[in-house]
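Novice: Pasting the sequence and the predicted coordinates here, then a few questions.
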Amino acid sequence: MEQLFNDLQKHIALKLGNEIILIDEDYGQLEALMNGEDQYPVTFPCVLISMPEVKWSSLGGDAQRGTCLMTVRLAFDCYDDTRYGSGQEGKAAERMSLSRQLNRNIHLWRFEGCSRVMERKSTRGYSLPGGVKVYEHVYETEMIES
């Protein structure tokens, strides 16, 4: 699992490193920021990666196949006035475009150690207090471990 995480982090950095400032494991940084908790600083735009669930099945011996869900959150701090007529309407479209680019570089990509490509299962966008906008993509793949 750690190889998949490291490979995904590196892949995003290689493909979008000029546009993404921070790529890290998601351990609740956005929620801590929202709650005013003392935590590692988050710089925006950022990509936060987590593996919330792996379902394992036995293949024999000590080998197992894992169906892995991975959540990739792209977050922005939004200080632009994006209402129609403001002159900054394009900022919202730029954020959506970067989310689309992120998906384009992950969906159907096969990482080392995976027996299937990454397949996007869901996407959602939501806002957090403090002007933070999040685009969340959930992917599924399979890996073999022994």
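Specialist: Sure, I can see it. Numbers count the residues shown, from 1 in each chain.

Novice: which one is S58 nearest to, not counting chain neighbours?
Specialist: Distances taken as C-beta to C-beta, 6 or more residues apart in numbering put Q64 closest to S58, at 5.7 Å, once the chain neighbours are dropped. In this view, the C-beta of every residue, glycine as well, is placed from N, C-alpha and C.

Novice: Okay, and the beta partners of that neighbour?
Specialist: Listed beta-bridge partners, Q64: S58, E145 (assigned using DSSP bridges).

Novice: Test my guess that it contacts M1.
Specialist: No: with contact defined as C-beta atoms under 8 Å, Q64 does not reach M1; the gap is 11.5 Å.

Novice: From the contact counts, what lies against the helix or strand of the chain with the lowest mean pLDDT?
Specialist: When each helix and strand of the chain is scored by mean pLDDT, DSSP states H and E, helix 29-34 comes last, with a mean of 84. If you count contacts as 3 or more C-beta pairs under 8 Å, 6 or more residues apart in numbering; DSSP states H and E, helix 29-34 packs onto strand 46-60, strand 119-128, strand 132-145.

Novice: Now distance to L74 too, for these, in CSV please.
Specialist: Below are these laid out as CSV (distance: least, C-beta to C-beta, whole Å):
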stretch, distance to L74
strand 46-60, 5
strand 119-128, 9
strand 132-145, 5
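
Novice: Ok, which of these comes nearest M34?
Specialist: Closest of those to M34 is strand 119-128, at 5.2 Å (criterion: C-beta to C-beta).

Novice: for the chain, what are the low-confidence residue spans?
Specialist: 37-40, 81-83, 86-88 (pLDDT under 70).

Novice: helix, strand or coil for the residue positioned nearest the centre of the chain?
Specialist: For the chain, V72 is the residue whose C-alpha lies nearest the centre (C-alpha atoms, centre = their mean; 1.6 Å). Using DSSP: H, G, I helix; E, B strand; the rest coil, the structure places V72 in strand.
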